[in-house]
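# Sequence first, then the predicted structure, then my questions.
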Amino acid sequence: MERNLLWWQKGIVYQIYPRSFQDSDRDGIGDLAGILRRLNYVADLGVDAIWLSPVYPSPMADFGYDVADYVDIHPIFGTMADFERLLDEIHRRGLKLIIDLVPNHSSSEHAWFKESRSSRDNSKRDWYIWRDPAPDGGPPNNWLSFFGGPAWTQDEATGQYYLHQFVKEQPELNFRHPEVLPAMLDIMRFWMDKGVDGFRIDVIWLMAKDEALRDEPANANWDGVNPHESLLHIHTQNLPEVHGLIRAMRQVIDEYDERVMIGEIYLPNEQLATYYGEDGDECHLPFNFQLIDVEWDAQVVGQAIEAYEACLPQGAWPNWVLGNHDRPRVSTRAGADQARVAKMLLLTLRGTPTIYYGDEIGMENVDVPPEYVQDPPAVLQPEIAHAIGRDPVRTPMQWDASQYAGFTTAADGPWLPLADDYETVNVAKEREDPHSMLAMVRLLVHLRRAEPALHGGSYTAVTSNVDEVLAYVRRHAAGDSFLIVLNFGDENQELDLNAIEGLATIVLSTNMDRAGRVDLASLYLLGNEGLILRLSG
Ligand code: GLC
Ligand code: MG
């Protein structure tokens, strides 16, 4: 039976990294008026919601994830009036807007932190996490920053250290202080009163830390690359206390109609599942990043899907993410040959998909020459910049073949270098080509929207004779069922799908060159090809 699914269950989320989508004022940095200009493009894709990475006032020490004022807009991006206009226009097109909330840390330029650091007895002192130096004068414990070096910086004014798990300009708020959570909840109300449809909550699983600030133990399995991973983060991540904070945030979400709360959480399935809450009273969608990290192999991906499905608590709605502003682009990670298969997978799985801007046209990681590197972890640890730098996945959206790809007309060009391939990989060109990646993604999105089985049906794995192929059925009582077959290998295959036979109709192929009836007893699949087949009867 067709349950009444909510917009964020049925829908598809499209992530916009605002600095890189569209510049309108010729400063080389994307802005709100630019997004407005490109809104019809997003609506036409057929997605349901935009998730916008932070546009708050910020010194940009972490490109907006260092928030200096939670209730205003950075002039680089525009004004509050621009934001309201954009929100209106988003709603006018039947889309939703999810904004980024960064409660774990503020900018060191936030008024709260300026007060906090001013003296030991300031009333906001304990809004942040301050400690005396260790006996040798060093940091209070061994905790490390994700971005390199200790998670502590000593402040001259008082001689104490403050905690920051990212750059030192991102001091961490102390949610054990009774006034901090209520302040954050009011910020959520401020934006929901304006009409935003939900939040993607930054590093939500880090919001509580060990009260005694105990040292973290060494990670015996460390691969020696990223120093942050040399410790096991048992005192800074996934603490039991975090769930109370999340429940409180969810209660505020529930004061409003149909808003959504998405949590950024990098944890294995069993732990991730706890972020739905014991009674479904925490995140609507704890982000599921498995497709970002998994080895690109049909068997491994198939097992990852099964394992995730098996861990979901009763009533929990699944979700899938293929890329974001922190992780390698899928076209690079899985390889250009697999990029279409990857999108067909994302858009036919059970659960809300999130598409990262530019992935729909096949944008790749861009090699950023050392002199252009901007991302703090890459700047702070140049020796491992190739492994942890995020500039390559944040390059300007490729709109057309004109100078700077239509992203900007700034005299000095865009804030990050453009991809070399922008003259061939761009929206204008792909729009003209009925077989382009963009054309395929649009069809996938529209098919998913139209078919109850694809946006709301069950998922059942189907075994076959070929290890390189992932096959599954999406089924719903209303409408038709679909068989999806994805060839993760580059060799042609003739499939024997064991349990499934009879005739089916190809509704979409990744190469967009096949249609019509096929006999499932001998289904032929090209290398790197994916098919969606409508099952009869
Ligand atoms: C999240 C964001 C990332 C940011 C970090 C610190 O992981 O996605 O971009 O650097 O939090 O806010
Ligand atoms: Mg601009």
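Great, that's in hand. Ligands and ions are numbered 1, 2, ... in the order given.

# Taking the stretch 1-150 of the chain, what residue is nearest to ligand 1?
Closest to ligand 1 within the stretch 1-150 of the chain is Y65: 3.3 Å, counting by Cβ to the nearest ligand atom. In short, each C-beta sits where N, CA and C put it, glycine included.

# Name the helix or strand for that residue, please.
Per DSSP states H and E: Y65 is located in neither a helix nor a strand.

# got the contact list for it?
S53, P54, S58, D100, V102, F166, Q170, D202 (Cβ atoms under 8 Å, 6 or more residues apart in numbering).

# does G530 have beta-bridge partners, and which?
L486 (DSSP bridges).

# For the closest residue in space to A310 that isn't next to it in sequence, give me its contacts.
In space, and not counting its chain neighbours, A310 is closest to N269: 8.0 Å by Cβ to Cβ, 6 or more residues apart in numbering. Counting by Cβ under 8 Å, 6+ apart, N269 touches Q290, A307, Y308, A310, C311.

# Just read off the phi/psi values of the residue of the stretch 1-150 of the chain closest to ligand 1.
Per-residue torsions, Y65: phi -80, psi 10 (degrees, to the nearest 10).

# Just give the number of residues close to W296.
Residues contacting W296 under the criterion other Cβ atoms under 10 Å number 15.

# would you say it is within a helix?
No. Looking at W296 with DSSP: H, G, I helix; E, B strand; the rest coil, it is coil, so not inside a helix.

# and L508, helix, strand or coil?
Following three-state DSSP, we place L508 in the strand state.

# Isn't it up against V445?
No. Counting by Cβ atoms under 8 Å, V445 is not a contact partner of L508; they are 11.0 Å apart.

# Can you tell me which residues in this structure are near ligand 1?
Proximity of the chain to ligand 1 (Cβ under 6 Å from any ligand atom) is limited to residues D62, Y65, V102, F166, D202, V203, E264, H325, D326.

# what's near enough to touch the third one?
With contacts taken as Cβ under 8 Å, 6+ apart, V102 has the following neighbours: P54, Y56, Y65, V67, D202, V203.

# Just give the nearest non-adjacent residue to the last one, would you?
What sits nearest to V203 in space, not counting adjacent residues and going by Cβ to Cβ, 6+ apart, is N104, at 4.8 Å.

# check contacts around that neighbour.
N104 sits next to Q165, E172, L173, D202, V203, I204, L206, M207 when contact means Cβ under 8 Å, 6+ apart.

# try S53
Q15, I16, Y17, P18, G64, Y65, D100, H325.

# The second one contacts I35, correct?
Yes. Proximity of I16 to I35 meets the contact threshold set by Cβ under 8 Å, at 6.2 Å.

# Show the contacting residues for L495.
By Cβ under 8 Å, 6+ apart, the contact set of L495 is S464, N465, V466, V469, A471, V485, S522, L523, Y524, L525.

# before we move on, what about Q403?
T409.

# L39 is in contact with E89, correct?
Yes. Between E89 and L39 there is a contact under Cβ under 8 Å: 5.7 Å.

# By mean pLDDT, point me to the weakest helix or strand of this protein.
Across the helices and strands of the chain, the lowest-confidence element by mean pLDDT, DSSP states H and E is helix 385-388, at a mean of 92.

# hang on, the earlier thing: among the contacts of Y65, name the buried ones.
Among the contacts of Y65, the ones that count as buried by 16 or more other Cβ atoms under 10 Å are S53, P54, S58, D100, V102, F166, Q170, D202.

# Can you tell me which of those is nearest T409?
Of all these, T409 sits closest to S53, with 23.1 Å by Cβ to Cβ.

# how much space is there between the closest one and I98?
Distance, S53 to I98, by Cβ to Cβ, to the nearest Å: 10 Å.

# quick one: common contacting residues for those two?
Joint contacts of S53 and I98 (Cβ under 8 Å, 6+ apart) do not exist.

# near ligand 2, which residues of the protein show up?
Proximity of the chain to ligand 2 is confined to D23, D25, D27, I29, D31 under the rule Cβ under 5 Å from the ion.

# with these in mind, which one is nearest to S118?
I29 (32.0 Å).

# Tell me where the stretch 251-400 of the chain is predicted with low confidence.
Within the stretch 251-400 of the chain, the set of residues satisfying pLDDT under 70 is empty.

# Can you show me the helices along it?
Listed in chain order, the helices of the stretch 251-400 of the chain (DSSP state H, counting those that start in this stretch) span 269-273, 290-293, 298-311, 330-333, 339-346, 376-380, 385-388.

# Give the other helices and strands that the last one contacts.
To tie it back to what came earlier, the one meant is helix 385-388. Counting contacts by 3 or more Cβ pairs under 8 Å, 6 or more residues apart in numbering; DSSP states H and E, helix 385-388 packs against helix 376-380.

# who touches the helix it packs on?
61-62, 146-149, 166-167, 373, 385, 388-391.

# got the contact list for I246?
I204, M207, G263, Y275, G277, E282, C283.

# if you look at the residues you listed, which of them are in strands?
Of the contacts of I246, the ones assigned to strands by DSSP state E are G263.

# would you list the contacts of I246 in a markdown table and tack on distance to L531?
A markdown table is the format used below for the contacts of I246 (distance: Cβ to Cβ, whole Å):
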| residue | distance to L531 |
| --- | --- |
| I204 | 37 |
| M207 | 43 |
| G263 | 34 |
| Y275 | 35 |
| G277 | 38 |
| E282 | 38 |
| C283 | 34 |
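
# Among the contacts of I246, name the buried ones.
For these, buried by 16+ other Cβ under 10 Å: I204, M207, G263, Y275, G277, E282, C283.

# Backbone torsions only: list them for the last one.
The reference is to C283. The phi/psi pair for C283 (degrees, to the nearest 10) reads phi -70, psi 140.
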